[in-house]
Structure formats: structure tokens, C-alpha cells
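A.B. asks: Here is my input, please return the structure:
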Amino acid sequence: MALDGRCFDPRDHKEGALSILKNDIYTLTHAEQERRKVLTEEKEHLADVLSDISHQLKTPISSILLMTELMTDAPEAEKQKFLFNMKKEVRHMEWLVTALLKTAKLDSSTAHFKQEEIAVSGLLGEALKSVEIILDIRNQSVRLKGDLSLTCDKKWTAEALINLLKNASECSAENSEIVVDCGRNPLYDWIAVTDTGEGLKKEQIAKLFRRFESSQKENGYGIGLPLALSIMRGQNGDIEVSPGGKGNGATFFMKFYK
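C.D. replies: Numbers count the residues shown, from 1 in each chain. I've put the predicted structure just below:
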């Protein structure tokens, strides 16, 4: 009965060996019920994640299938256009799958963070390798205002910075400059990424780090910022957002607590 999840409490709060046995039985059954509850919650979470992934992949796959059919009788110029768009969708899907695998690794606590000292300029250099094409297309530049050394996992932190830079690029106008700054105080070291957008509203900030919800951009899936936050929290850090507005873009602060 108790192992099936039903409420069962044999305790009588008396003294003696039998009462101790009853208390032990209650402790055992209560632990089993909690384990079942956790497993149920994990299954529900997995079902939600799989549903989200299915939804995110359905749109590009449908688009690719449609363009494949249309290419059959299309003139050569149209075929080249369809082929370009298909490659674009495939790249988006590749990025999504890679990001989801990294997120799953963080969620399952199997990611190992190696602490080493590295300069912010070195981290930025690593991150720029992955976003230079995006920046070139939009004729955007990135300027580092200062530099310092901090302790973190180089690979994972660069991944978090990549996603903040991608977000800043999406929010900034063409021919603009994204500013990266850094500093430290008695509590934490920080890296800040500032875009040249219109700023954020409070209701937008609340959704920024919810998976599949935050992105309204053409190329976004709403998973880059949540991934960045998971990476920072996995290193006992955090991400704070200054909304900007009134001519100022938003600023995302990566915090590395001491």
C-alpha cells in the first residue's frame, strides 16, 4: 500500500522496540514515496523538453521539405535561392542540436568545470572565432574596453560569452559596435556585454532565461541565453541584466563570485 504511493503512517510515538520499528518503516516508506515523486517530476520534465525540441525542429524541417518539393519545377535562379535557404535552415538545426546537447550535459550535472586563470581578452578571442561570420554579415565590431585575469573554465565560459555576443548582435543595428567591458569588486569579477539596441522592458527580462521563450529573432531559438546562465551557475556564478533604454542598449553582466 505505502510503496504504491498511498499515505501510510504506522507511528504511534510510544517507546519500545515495536515503536522504533514502526518509525523505521515510516522513514523507509516516506523515502520511497519521495523517490517516486522525484522520478515522476523528472519524467514530466523530460516529456516537456522533448515536446519543446520537437516543436523547434518541426518548423525548419517542414520548411526544408517544402523547398525540396518546390525546387523540382523551379527555374535555375529560384533553385539557387531555395538551396541557400535550405543550407541556412540546416545550420540553424545543427546549432540547436549542439546547444541542446550541451544543455542536457549541464542539466545532468555531468559537465566538469576546470578552473584556470585566463585573461578576458583571451576569452573574447576564443568567443569571436564562433561569431565573426555573424558580425561580418552585419558589419558589426566588438570593442574590449579593459582587461583583467579571472579564474574560470575557459571552454565553457567562452561558450557562455559566445551566446551573449550572438544576442548582442541580434539586438544591435548593422554597422554598430558591441562593447565588452570587465572589472572586479570585493564580491565578484565581471564581464559585461552591451548592445546598441533599444533596451529591454521588465516583462522581457523575465522571459530571457526561459528556454524556447526569449527569442523573437529570425535566427533565434530561445536557448542561447538559458545555456549561458546554466554555464555561469555551474561555476558558482550568475548573469545579471541591466535593461538600458532611452537610447542605451541592454547590458549583460557575467558574474564570477569569489
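A.B. asks: where in the chain is pLDDT low?
C.D. replies: Counting by pLDDT under 70, the chain contains low-confidence residues at 1-22, 24-26, 30, 32, 38, 41-42, 45-53, 55-56, 212-221.
A.B. asks: Strands of the stretch 101-250 of the chain, start to end?
C.D. replies: Counting by DSSP state E, counting those that start in this stretch, one finds strands in the stretch 101-250 of the chain at the ranges 116-119, 141-144, 149-152, 177-184, 188-194, 237-242.
A.B. asks: Adding mean neighbour count, write these out as JSON lines.
C.D. replies: C-beta: built from backbone N, CA, C; applies to glycine. Compiled in JSON lines, the strands of the stretch 101-250 of the chain are given as follows (neighbours: other C-beta atoms under 10 Å):
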{"stretch": "strand 116-119", "mean neighbour count": "12"}
{"stretch": "strand 141-144", "mean neighbour count": "14"}
{"stretch": "strand 149-152", "mean neighbour count": "18"}
{"stretch": "strand 177-184", "mean neighbour count": "18"}
{"stretch": "strand 188-194", "mean neighbour count": "21"}
{"stretch": "strand 237-242", "mean neighbour count": "16"}
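A.B. asks: Pipe the ones you listed into a markdown table and attach distance to residue 31 per row.
C.D. replies: Written out in a markdown table, the entries for the strands of the stretch 101-250 of the chain read as follows (distance: least, C-beta to C-beta, whole Å):
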| stretch | distance to residue 31 |
| --- | --- |
| strand 116-119 | 40 |
| strand 141-144 | 52 |
| strand 149-152 | 37 |
| strand 177-184 | 44 |
| strand 188-194 | 38 |
| strand 237-242 | 33 |
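A.B. asks: middle-most residue in the chain, spatially?
C.D. replies: Averaging the C-alpha coordinates of the chain gives a centre point, and the residue nearest to it by C-alpha atoms, centre = their mean is residue 227 (1.7 Å).
A.B. asks: Please report the distance of it from residue 37.
C.D. replies: As defined by C-beta to C-beta, to the nearest Å, residue 227 lies at a distance of 28 Å from residue 37.
A.B. asks: before we move on, the earlier item: out of the strands of the stretch 101-250 of the chain, nearest to residue 130?
C.D. replies: Evaluated with C-beta to C-beta, the strands of the stretch 101-250 of the chain place strand 141-144 nearest to residue 130, the distance being 12.2 Å.
A.B. asks: can you list contacts of the closest one?
C.D. replies: For strand 141-144, the external contacting residues (C-beta atoms under 8 Å, 6 or more residues apart in numbering) are 120-121, 124, 128, 135, 165, 176-182.
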